[in-house]
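S.K.: predicted model and sequence below, questions to follow.
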Amino acid sequence: MLNATWLETFVTLAEEASLTRTAARLNMTQPGVSQHLAKLEAAVGVPLVQRIGKTIVLTDAGNALRDHARARQAEEQALLERIGEDRPDVGAVGIGASGSFATVLYRRLLPHLVAARELIVTLEAAPQSRVIEAVAAGRLDLGVVSRDPRQTRLDAEKIGVENLCLALPSGARSTTPALEELQEMGFVDHPDGAAYAEMVMPENFDGFQSAQALRRRGFVNQIGQIPALVAAGAGYTILPRSGIDGFSGSASLQIAALRHPVHQELWLIRRAGRLLPTRCLWAMAEIRSLAEELHAPSA
């Protein structure tokens, strides 16, 4: 690695073509300039300048080294500017959340992305365990999960709760169905279906035994297709409210009126001790606002 101070001296010498003017410009002595030049030539192993009278002329090797040094200076300057820049509309923001929450959050992030051409937003819909690990490892800036991870690597903030909704086809006979009616319809299952059923069903449906005892109509792992099957009349399902709000055909659904509403918590997580850049702050504000909206009564 060539010494940066020697290179700075050499670039100035190339511009001034004079030891005297170079020394004056850098507030050095002429012997000091000559010493830097000699060390550079020793490092590269070839002459870098020719002396024609009192004028300094670069050799071909000198021209190549000057161009390299200028490019290196420009790269370092750009790096310093980038490091020192902390704007809300420049840089990358990485967020992880469940598929349902991510779908609704995306609508809120999109206007920021459109307005700021130098903003890069990565929104990853992933299982909770993967979101937690990605934030802890620094691959994502922020995550939204349904429990406190209780990890020393993470700071966790409870930002709200989200209702779990039992979604029925719009043609369902009642919004207060009995378990027998639900069994007749059939359950549209999904990766979190059994867990949600175990949370919602025991308190609201007499005779419920376990999620395994529910009559299943199918299994879907794409968040947008789960409520679509219900809207088409294929059965019922249980989803967080964000999974309903994010579905474009939500008017074709009915939400059951539960005797005992059930919700899951929403936690905003970030890497412990990390000072987040400004570009992450607006994203945090949008996440908190969405969490508040999801807990509000449905229109």
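M.R.: Perfect, thanks for sending it.

S.K.: spatially nearest residue to the spatially most central residue of the chain, not counting backbone neighbours?
M.R.: With distances taken as CA atoms, centre = their mean, the chain has G94 as the residue nearest its mean C-alpha position (0.9 Å). Counting by CB to CB, 6 or more residues apart in numbering, the nearest residue to G94 once its immediate chain neighbours are dropped is L140, at 4.0 Å. Where you see a C-beta, it was placed from the backbone N, CA and C, and this is true even at glycine.

S.K.: let me see the contact set for V188.
M.R.: Listed by CB atoms under 8 Å, 6 or more residues apart in numbering, the contact set of V188 reads 216-218, 220, 226, 229-230, 234-237.

S.K.: out of those residues, which sit inside strands?
M.R.: When those are checked against strands (DSSP state E), the matches are 216-218, 237.

S.K.: now pLDDT too, for those, in a markdown table please.
M.R.: As requested, those are arranged in a markdown table below (pLDDT from 0 to 100):
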| residue | pLDDT |
| --- | --- |
| R216 | 95 |
| R217 | 94 |
| G218 | 92 |
| T237 | 97 |
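
S.K.: now, of those, which are buried?
M.R.: For these, burial is judged from neighbour counts taken by 16 or more other CB atoms under 10 Å, and it is met by 217, 237.

S.K.: contacting residues for G32?
M.R.: Under the criterion of CB under 8 Å, 6+ apart, the contact list for G32 reads A23.

S.K.: which helix or which strand is home to it?
M.R.: Using DSSP states H and E, G32 sits within helix 30-44.

S.K.: go through that helix and flag the buried ones.
M.R.: Of all the residues in helix 30-44, those buried under the rule 16+ other CB under 10 Å are 33-34, 36-37, 39-41.

S.K.: could you do stretch 136-153 as well?
M.R.: By neighbour count, and taking 16+ other CB under 10 Å as the criterion, the buried residues in stretch 136-153 are 136, 140-146, 149.

S.K.: taking those, tell me the two that lie furthest apart.
M.R.: Set against one another by CB to CB, the buried residues of stretch 136-153 have their most distant pair in D141 and S146, with a gap of 19.1 Å.

S.K.: partners of the helix or strand that contains E265 in the sheet?
M.R.: Element membership of E265, judged by DSSP H and E, is strand 263-271. Strands flanking strand 263-271 in the sheet, each with its direction: strand 142-145 (antiparallel), strand 154-169 (antiparallel) (DSSP bridges).

S.K.: find me the pLDDT at E75, would you?
M.R.: Predicted confidence (pLDDT) for E75: 88.

S.K.: residues near it, how many?
M.R.: Using other CB atoms under 10 Å as the criterion, E75 is surrounded by 10 other residues.

S.K.: and A228, by the same measure?
M.R.: Using other CB under 10 Å, A228 has 18 other residues around it.
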